[in-house]
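1. Pasting a predicted model and its sequence here:
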Amino acid sequence: MSNMETNLQQWHKVVFEKDFDLLNELLDENVEFHSPTLWKPKLGRDVTAYILKMIIEIFEDFEYRRQWINEDSLALEFAATVDGKNLKGIDLIRWNEEGKIVHFEVMLRPLNTLQLVFEKMTKHLQDAGFLPKP
């Protein structure tokens, strides 16, 4: 089994078993996270772990449908629902030589579900102190 296949198995354990201790182990201290709901990337393990845990909790009926693997990256197409609204998306995950996630980017559609995710994420991030409250 290749390193990337092992990384994929570990990532699936995080998502489907909600192994958040493993998530913290997999994230590089300086991971860069790109969200479709945030203007700028978030930098660092703590905020990235918080966002990913939150999304794993918000998304319902989550499943990966297709995957693409190369020497240091995964592209994972997924589907889920949020408050009964369907969404599709792609996780782009890049790993370093130490087996740590150094770059994570998420793309979502359609717009109405993205807006719903934006509202939920913003509230959670404000409540946790990662974004200022209005």
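-> Received the coordinates, thanks. Values in this document were obtained by computation on a predicted structure and should not be read as measured data.

2. buried residues in the longest helix along the chain?
-> In terms of residue count, the longest helix belonging to the chain (DSSP state H) is helix 111-127. Neighbour-count burial for helix 111-127 flags 113-114, 116-118, 120-122, 124-125 (criterion: 16 or more other Cβ atoms under 10 Å). Every C-beta, even on glycine, is put in place using the N, C-alpha and C of the backbone.

3. Remind me what it packs against, helices and strands.
-> With contacts defined as 3 or more Cβ pairs under 8 Å, 6 or more residues apart in numbering; DSSP states H and E, the packing partners of helix 111-127 are helix 45-58, strand 73-82, strand 85-95.

4. Which pair of the buried residues of helix 111-127 spans the longest distance?
-> Using Cβ to Cβ, the two most remote members of the buried residues of helix 111-127 are Thr113 and Leu125, lying 18.1 Å apart.

5. follow-up on the earlier one: dump the buried residues of helix 111-127 to JSON lines, plus pLDDT and distance to Leu76.
-> Formatted as JSON lines, the buried residues of helix 111-127 follow (pLDDT from 0 to 100; distance: Cβ to Cβ, whole Å):
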{"residue": "Thr113", "pLDDT": "87", "distance to Leu76": "18"}
{"residue": "Leu114", "pLDDT": "85", "distance to Leu76": "18"}
{"residue": "Leu116", "pLDDT": "86", "distance to Leu76": "21"}
{"residue": "Val117", "pLDDT": "86", "distance to Leu76": "17"}
{"residue": "Phe118", "pLDDT": "86", "distance to Leu76": "21"}
{"residue": "Lys120", "pLDDT": "86", "distance to Leu76": "21"}
{"residue": "Met121", "pLDDT": "82", "distance to Leu76": "19"}
{"residue": "Thr122", "pLDDT": "83", "distance to Leu76": "24"}
{"residue": "His124", "pLDDT": "82", "distance to Leu76": "23"}
{"residue": "Leu125", "pLDDT": "82", "distance to Leu76": "23"}
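
6. Serialize the residues you listed to TSV and add fields for distance to Glu17.
-> Rendered in TSV, the data for these read as follows (distance: Cβ to Cβ, whole Å):
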residue	distance to Glu17
Thr113	25
Leu114	27
Leu116	26
Val117	22
Phe118	27
Lys120	23
Met121	23
Thr122	27
His124	22
Leu125	24
